[in-house]
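Q: pasting the structure only:
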Ligand SMILES: [Fe+2]
């Protein structure tokens, strides 16, 4: 669905307990050249559904020329391999999460029948991935800014498009709650700082999260940060740091 000029959002299932087929939301941005950036393709098994949804919005999935991964968890990245094969797109992921993939991240894809899922998922190969850096990024006549936001995953990154007051948060935070900090690679204090960093983006009026509903409107964005900081204060009071 189109949420703003050049900004499309494809919501999926929301299940923070990560049991069964949990799938991330996907964001698509159109460039001035009508090429598409796709952020977090989600599960490969749901890629056809995603492509149909993109077509229903009058866009062509074949026009995807860049795939950006917010972090290296399978519900966000599994479909990247197939989508890159189909479109010839580059796939970008932060270097810290490429490193995380080699050391730990791959276990998320192979664990079966133990609370993750029933069958192994397809883990993107390191050779597929190009490093994504924090700071400015130009693509398709657009100017974006990437933020290092560890805490849920070591190399988690958030994607800001100032021209549209848009923020894409991956699993750093959602509507009403911060992301999980108990998974391998999660660090509570890093997460709290990442949320504080993002809250400093004063003009953002649309937040597209990796799961769940968007945060729509500046007032809702500010109210959401209030809820997140209350949650963070509670966690710190409990000694979760
Ligand atoms: Fe995640």
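A: Good, I have the coordinates. Note that the structure is a prediction, hence the values are computed from the model and not measured. Residues are numbered from 1 along each chain as shown.
Q: how about the residues of the protein near the ion?
A: By C-beta under 5 Å from the ion, the part of the chain that sits against the ion consists of 73, 171. Any C-beta I mention is one placed from the backbone N, CA and C, and that applies to glycine too.
Q: show me the strands in the protein, by range?
A: All strands of the chain, identified by DSSP state E, fall at 2-4, 7-10, 26-30, 36-39, 64-68, 90-94, 129-132, 135-139, 142-148, 157-161, 166-170, 206-209, 215-216.
Q: just the ones you listed: most buried one?
A: With neighbours defined by mean count of other C-beta atoms under 10 Å, none of those is more surrounded on average than strand 166-170, at a mean of 27.
Q: let's have the strands of the chain in a markdown table, adding distance to residue 187 and mean pLDDT.
A: As requested, the strands of the chain are exported to a markdown table (distance: least, C-beta to C-beta, whole Å; pLDDT from 0 to 100):
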| stretch | distance to residue 187 | mean pLDDT |
| --- | --- | --- |
| strand 2-4 | 31 | 97 |
| strand 7-10 | 28 | 97 |
| strand 26-30 | 25 | 98 |
| strand 36-39 | 23 | 98 |
| strand 64-68 | 22 | 98 |
| strand 90-94 | 15 | 98 |
| strand 129-132 | 20 | 98 |
| strand 135-139 | 22 | 97 |
| strand 142-148 | 13 | 98 |
| strand 157-161 | 15 | 98 |
| strand 166-170 | 15 | 98 |
| strand 206-209 | 20 | 98 |
| strand 215-216 | 24 | 97 |
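Q: centre-most residue in this protein?
A: By C-alpha atoms, centre = their mean, the chain has its centre lying nearest to residue 170, at 2.8 Å.
Q: and for residue 234, the neighbour number?
A: By the criterion of other C-beta atoms under 10 Å, residue 234 has 10 neighbours.
Q: okay, the angle between the longest helix along the chain and strand 166-170?
A: Ranked by number of residues, the top helix in the chain under DSSP state H is helix 218-237. Relative orientation of helix 218-237 versus strand 166-170 (axes from the mean of the first three to the mean of the last three C-alpha atoms, to 10 degrees): 30 degrees.
Q: average pLDDT for helix 218-237?
A: The average pLDDT within helix 218-237 is 98.
Q: list the buried residues in that helix.
A: For helix 218-237, burial by neighbour count (16 or more other C-beta atoms under 10 Å) applies to 221, 224-225, 228, 231-232, 235.
Q: distance to residue 201 added to those residues, as TSV?
A: Listed next are the buried residues of helix 218-237 as TSV, based on distance: C-beta to C-beta, whole Å:
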residue	distance to residue 201
221	9
224	13
225	10
228	14
231	19
232	17
235	22
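Q: need the contact list for residue 232.
A: Going by C-beta atoms under 8 Å, 6 or more residues apart in numbering, residue 232 touches 178, 192, 195.
Q: kindly recompute the last result at 10 Å.
A: Contact analysis of residue 232 by C-beta atoms under 10 Å, 6 or more residues apart in numbering lists 173, 178, 188-189, 191-193, 195-196, 240-241.
Q: give me the neighbour count for residue 163.
A: If you count neighbours by other C-beta under 10 Å, residue 163 ends up with 11.
Q: do you know how far the spatially closest residue to residue 191 that is not a sequence neighbour is from residue 178?
A: Distance criterion C-beta to C-beta, 6 or more residues apart in numbering; nearest residue to residue 191, sequence neighbours excluded, is residue 151 at 2.6 Å. Residue 151 is 8 Å from residue 178, where distance means C-beta to C-beta, to the nearest Å.
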